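Student: A predicted structure for the sequence below; I have some questions about it.
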Amino acid sequence: MRLLGKMSWLEMKLFVREPLTVLFALVLPLLVLFVMGGVFGNEADADFYRGIGAMDYYVPAYVALVTASVGLISLPVHIAGNRELGVLKRYHASSMPAWVVVGASVVTTFVVSLVSGAILVIVAMLTHDVGAPTSWPLVLAAFGAAALLFAAIGVLLGAVLPNARAAQALGVLLWFVLLMLGGAGPPPEVLSGAMDTVGQITPLRHAVRAMQDGWLGLDAGLSWGITGLIFAGATAASLRFFRWE
Amino acid sequence: MISVENLQKRYGSFTAVSDVSFHVDEGEIFGILGPNGAGKTTTVESLQGLRSIEGGRVSVLGFDPRSQAAEIRRRIGSQLQESALPDRMKVWEALDLFGSLRTGGRDWQDLLADWGLAQKRDAKFGSLSGGQQQRLFVALALANDPQLVFLDEMTTGLDPSSRRVAWELIRRIREQGTTVVLVTHFMDEAESLCDRLVVIDTGTVVAGGSPQGLIERYGGGVRVRFSHADGDLSWLLEVPHVSDVNRDRDRYEVRGDGPVLAYVASALVARGIAPVDLRQERATLEDVFLSLTEEGST
């Protein structure tokens, strides 16, 4: 555990030393918030956004989206890049346990998502009159589930993709598809039947649902189970496919 | 420390190592030489349990790399040929991290000073020169206070003065009681550092022994060189111990076995020829290497 702590702290320092990545993780969500907030405002509309204000809908969704962007893009690029450079081989030859290497990346992903999500929520509350969550414990639980879910998928992508470029390309593609169909872009109400069906099986849809329902004090029910299932599947697959070089 | 018998390793249909055997004793600097692609790195990475092994018997510090790789890696240090650290990791952070892999490992402050990295304590890995990166890798390899270290092509890419510094450091590792396995394709390096070595070509050991022993056995006899401008000196072939005389303009090379220099010198002086640059050239490990690996490839 001491080693995991040391490695995680080091990974976080390395993350902060990468200015562009920091900008991507912390500033991009704010940019999206201001653009969408400017376009849609926060007036409730019975036909869209589950009947609540657009920003009340989007802010919890964006918090889930942040966990998806860090998990699907930053994390696999980091792992695959470290394999490509020979950093993982270096660790392996020095008998660094795999769970420490992967665990530290997951801890870092989690902390970055938490900081980015917190900044987003605070700014949204201050500038867009977004209401506070009905249930903080549910929101925090939903955040934890979303962060772990996308971290598990991210580790899997990092395990199977050969290099940083491939991880970047596939990560962005997946993230974009999830953005469009997962409920953090166009609201599910405007998606066609087929698109909505595909959306139903994306992990983001359920992460968004769990987060929004916590915010609104609703029971996300099935979404918790599906999130857990995808997490378990991705974790098992990454344990199976993780490679040092 | 290490014993390898008939090691075999294939990548798909390509046989990287077909038959490699050697043993390494405690406290020696043991060299593994060979041209690029000969199977040197595959061999040492197999010993560290980083590659699967298809055949042969291998024991490292009494452990089998196939089933006890973790035991081996805990006790050895490794400077890998193709590996890196994150560009933005600082020198002290790397030493601190690798040092904490084993309780009772060496204090990284000492390693920093030993390996001339004290000035670079807070420098990022990506900003180090090639020589500094190599020194850091060796320091990291020693961070767990290993009984045995593998150094794979550690001086490749270094300028001549950095290489000499690295040689001193390798000798120092051995003086501190650590056995060294040195993979290299530099003959001067092997000749200067190694107590014993094997030459590997196309996955097979083609020769083994001490550098001096190999030179005597495969060095191609004695070569005497001198310059002489006029006249034909082909009569030198009649001189005892001489087997061959080559001429390139005014430069002569006389080959043979035994006291060639003494006989050639006296024969020349007897005919009034006294070249000021008459000398015997010692065969180097490079000559051995070229003759062995050329034979292997023809």
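Tutor: Sure thing, it's come through. Numbers count the residues shown, from 1 in each chain, chains lettered A, B, ... in the order given.

Student: Bridged to residue B:24, which residues?
Tutor: For residue B:24, the beta-bridge partners are residue B:2 (DSSP bridges).

Student: pLDDT value on it, please?
Tutor: Note on residue B:24: pLDDT of 94.

Student: correct me, but it touches residue B:30?
Tutor: Yes: if you go by CB atoms under 8 Å, residue B:24 and residue B:30 touch, sitting 4.4 Å apart. For the C-beta atoms, the positions are set from N, CA and C on the backbone; glycine is no exception.

Student: what touches both of those two?
Tutor: B:2, B:179, B:181 (CB atoms under 8 Å, 6 or more residues apart in numbering or on different chains).

Student: show me where pLDDT drops low in chain A?
Tutor: A:46, A:220 (pLDDT under 70).

Student: what comes up buried for stretch A:238-245?
Tutor: Using 16 or more other CB atoms under 10 Å in any protein chain shown as the test for burial, stretch A:238-245 gives A:238, A:242, A:244-245.

Student: again, but for stretch B:255-275
Tutor: For stretch B:255-275, by 16+ other CB under 10 Å, it's B:255-256, B:260-261, B:263-265, B:267-268, B:275.

Student: Pretty sure residue A:158 sits against residue A:72.
Tutor: No: counting by CB under 8 Å, residue A:158 does not reach residue A:72; the two are 10.3 Å apart.

Student: ok so, going back, selecting buried members of the shared contacts of residue B:24 and residue B:30 in ChimeraX, what would you type?
Tutor: A single ChimeraX command is used to select the members of the shared contacts of residue B:24 and residue B:30 judged buried by 16+ other CB under 10 Å:
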select /B:2,179,181
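
Student: Tell me the one among the shared contacts of residue B:24 and residue B:30 nearest to chain A.
Tutor: Nearest to chain A among the shared contacts of residue B:24 and residue B:30 is residue B:181, at 13.5 Å by CB to the nearest CB.

Student: isn't that closest one right up against residue B:147?
Tutor: No: between residue B:181 and residue B:147 there is no contact under CB under 8 Å: 11.7 Å.

Student: Relative to chain A, how far out is the closest residue in space to residue B:180 that isn't next to it in sequence?
Tutor: Spatial nearest neighbour of residue B:180, excluding adjacent residues (CB to CB, 6 or more residues apart in numbering or on different chains): residue B:29 at 4.5 Å. Distance, residue B:29 to chain A, using CB to the nearest CB, to the nearest Å: 20 Å.

Student: if I pick residue B:29, what's in contact with it?
Tutor: B:170-171, B:174, B:179-180, B:182, B:193-195.

Student: now residue A:111
Tutor: Listed by CB under 8 Å, 6+ apart, the contact set of residue A:111 reads residue A:12.

Student: secondary structure element for it?
Tutor: Using DSSP states H and E, residue A:111 sits within helix A:98-128.

Student: Following the chain past that helix, name the next helix or strand.
Tutor: Following helix A:98-128 in sequence, per DSSP H and E, is helix A:136-160.

Student: What residues of that next one count as buried?
Tutor: Counting neighbours by 16+ other CB under 10 Å, the buried set in helix A:136-160 is A:138-139, A:141-143, A:145-160.

Student: what about the helices in the stretch 1-150 of chain B?
Tutor: B:40-47, B:69-75, B:91-99, B:108-114, B:130-141 (DSSP state H, counting those that start in this stretch).

Student: With respect to burial, which of those helices scores highest?
Tutor: helix B:40-47 (a mean of 24; mean count of other CB atoms under 10 Å in any protein chain shown).

Student: Put the alpha carbons of that helix into PDB.
Tutor: Listed in PDB are the C-alpha atoms of helix B:40-47, where the atom choice follows Å, rounded to 0.1, in the frame of the first residue of the first chain:
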ATOM      1  CA  LYS B  40      22.100 -11.400 -26.800                       C
ATOM      2  CA  THR B  41      19.200  -9.300 -25.500                       C
ATOM      3  CA  THR B  42      16.700 -12.300 -25.900                       C
ATOM      4  CA  THR B  43      19.100 -14.400 -23.800                       C
ATOM      5  CA  VAL B  44      19.500 -11.900 -20.900                       C
ATOM      6  CA  GLU B  45      15.800 -11.000 -20.900                       C
ATOM      7  CA  SER B  46      15.000 -14.800 -20.700                       C
ATOM      8  CA  LEU B  47      17.300 -15.100 -17.700                       C
END
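
Student: Rounded mean pLDDT for it, please.
Tutor: So the average pLDDT for helix B:40-47 ends up being 91.

Student: which residues sit against it?
Tutor: B:2, B:4, B:7, B:9, B:16-17, B:20, B:32-34, B:51-53, B:58, B:60, B:65, B:72, B:80-81, B:150, B:152-153, B:181, B:183, B:185, B:200.

Student: again, but for stretch A:235-245
Tutor: Around stretch A:235-245, the neighbours that count as contacts under CB under 8 Å, 6+ apart are A:83, A:86, A:88-89, A:91-92, A:98, A:102, A:152, A:155-156, A:158-160, B:50.

Student: nearest to residue A:167, of those residues?
Tutor: Distances from residue A:167 to the contacts of stretch A:235-245, taken as CB to CB, are shortest for residue A:158 (6.3 Å).

Student: okay, now the residue lying closest to that closest one once chain neighbours are set aside: neighbour count?
Tutor: Leaving aside its chain neighbours, residue A:158 sits nearest to residue A:79 (2.8 Å; criterion: CB to CB, 6+ apart). As a burial measure, residue A:79 scores 26 neighbours (other CB atoms under 10 Å in any protein chain shown).

Student: quick one, what contacts residue 131?
Tutor: In the absence of a named chain, chain A is used. A:56, A:215.

Student: um, chain B though
Tutor: When contacts are counted by CB under 8 Å, 6+ apart, residue B:131 touches B:158-159, B:162, B:165-166.

Student: which stretches of the stretch 151-298 of chain B form strands?
Tutor: B:179-184, B:196-201, B:204-209, B:222-227, B:242-248, B:251-256, B:279-281 (DSSP state E, counting those that start in this stretch).

Student: okay, the ones you listed in CSV with distance to residue A:26 and mean pLDDT next?
Tutor: What follows is these, written out as CSV (distance: least, CB to CB, whole Å; pLDDT from 0 to 100):
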stretch, distance to residue A:26, mean pLDDT
strand B:179-184, 45, 93
strand B:196-201, 52, 92
strand B:204-209, 57, 90
strand B:222-227, 70, 90
strand B:242-248, 71, 89
strand B:251-256, 72, 90
strand B:279-281, 68, 88
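
Student: In a markdown table: those, plus distance to residue B:87.
Tutor: Converted to a markdown table, these look like this (distance: least, CB to CB, whole Å):
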| stretch | distance to residue B:87 |
| --- | --- |
| strand B:179-184 | 26 |
| strand B:196-201 | 33 |
| strand B:204-209 | 38 |
| strand B:222-227 | 49 |
| strand B:242-248 | 51 |
| strand B:251-256 | 51 |
| strand B:279-281 | 46 |
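
Student: For the closest residue in space to residue B:233 that isn't next to it in sequence, give its distance to residue B:122.
Tutor: Excluding the flanking residues, the one nearest residue B:233 by CB to CB, 6+ apart is residue B:252, at 6.3 Å. Residue B:252 is 59 Å from residue B:122, where distance means CB to CB, to the nearest Å.

Student: And residue A:133, by the same measure?
Tutor: 43 Å.

Student: Give me the more crowded residue out of these two.
Tutor: residue A:133 (20 against 9).

Student: who's in contact with the more buried one?
Tutor: Contacts of residue A:133 (CB under 8 Å, 6+ apart): A:60, A:139, A:214-215.

Student: Just put these in a markdown table and tack on secondary structure and distance to chain B.
Tutor: What follows is the contacts of residue A:133, written out as a markdown table (DSSP: H, G, I helix; E, B strand; the rest coil; distance: CB to the nearest CB, whole Å):
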| residue | secondary structure | distance to chain B |
| --- | --- | --- |
| A:60 | helix | 34 |
| A:139 | helix | 34 |
| A:214 | helix | 36 |
| A:215 | helix | 37 |
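
Student: which one of those residues has the most neighbours?
Tutor: residue A:60 (29 neighbours).
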